[in-house]
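# My questions concern the predicted model and sequence given below.
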Amino acid sequence: MTETASRRFFDVPPVWLVAALLLAWMQVRHFPMGLSFGPVWADLLGGLLVGGGVLLMSLAVMEMRRHQTSFHPHHDSARLVQSGIFSRSRNPIYLGDMMVLTGLILYWDAVLSLPLVPLFLWFLERRFVIPEENRLRRTFRMDYARYCEKVRRWV
């Protein structure tokens, strides 16, 4: 595997999600600073967000497989998927990543890690969402423009 190919292989959102989760976990383990979200509500909301995020990602991957197109962020799409969960969000996998990160930060009581959420969103948009949208815009032209008018980027 060439250096560029291996870099692209590892430059995928799940790797960055794991990195952000490791930072949050290390923060709560080594620098909790006595901060907490509260006893029960953070665990419940955190669990719901993680479960919802995993469900969202699973629905998106199944829909993309059903349409026989790639869900790898650096590959060109064979088809513009607009059905299923993609009729509600143009980026359900990235939205699921955000939900998992937020949910685990809440569940772990990693209060000081909350700024990772908007930073991770900013990073996903710059590194993956905008380049993907540009490729889809070039490939599917008017179909993609109509899709963008109907469906929002996130929710």
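Looks like it came in fine.

# what kind of secondary structure is the residue of the chain positioned farthest from its centre in?
Largest separation from the mean C-alpha position in the chain: residue 34, at 29.5 Å (C-alpha atoms, centre = their mean). For residue 34, the assignment made with DSSP: H, G, I helix; E, B strand; the rest coil gives coil.

# What's the per-residue pLDDT of it here?
Listed pLDDT for residue 34 reads 81.

# Begin at 12 from now on, thanks
From this message on, residue numbering opens at 12, which makes the last subject residue 45.

# how about it, phi and psi?
phi 70, psi 10 (degrees, to the nearest 10).

# so where's this protein uncertain?
12-20 (pLDDT under 70).

# Spatially central residue for this structure, please.
residue 105 (2.1 Å).

# so who does that one touch?
Contact analysis of residue 105 by C-beta atoms under 8 Å, 6 or more residues apart in numbering lists 24, 135, 139, 140. Any C-beta I mention is one placed from the backbone N, CA and C, and that applies to glycine too.

# Which residue ranges of the protein form helices?
14-21, 24-41, 52-77, 103-118, 127-135, 141-161 (DSSP state H).
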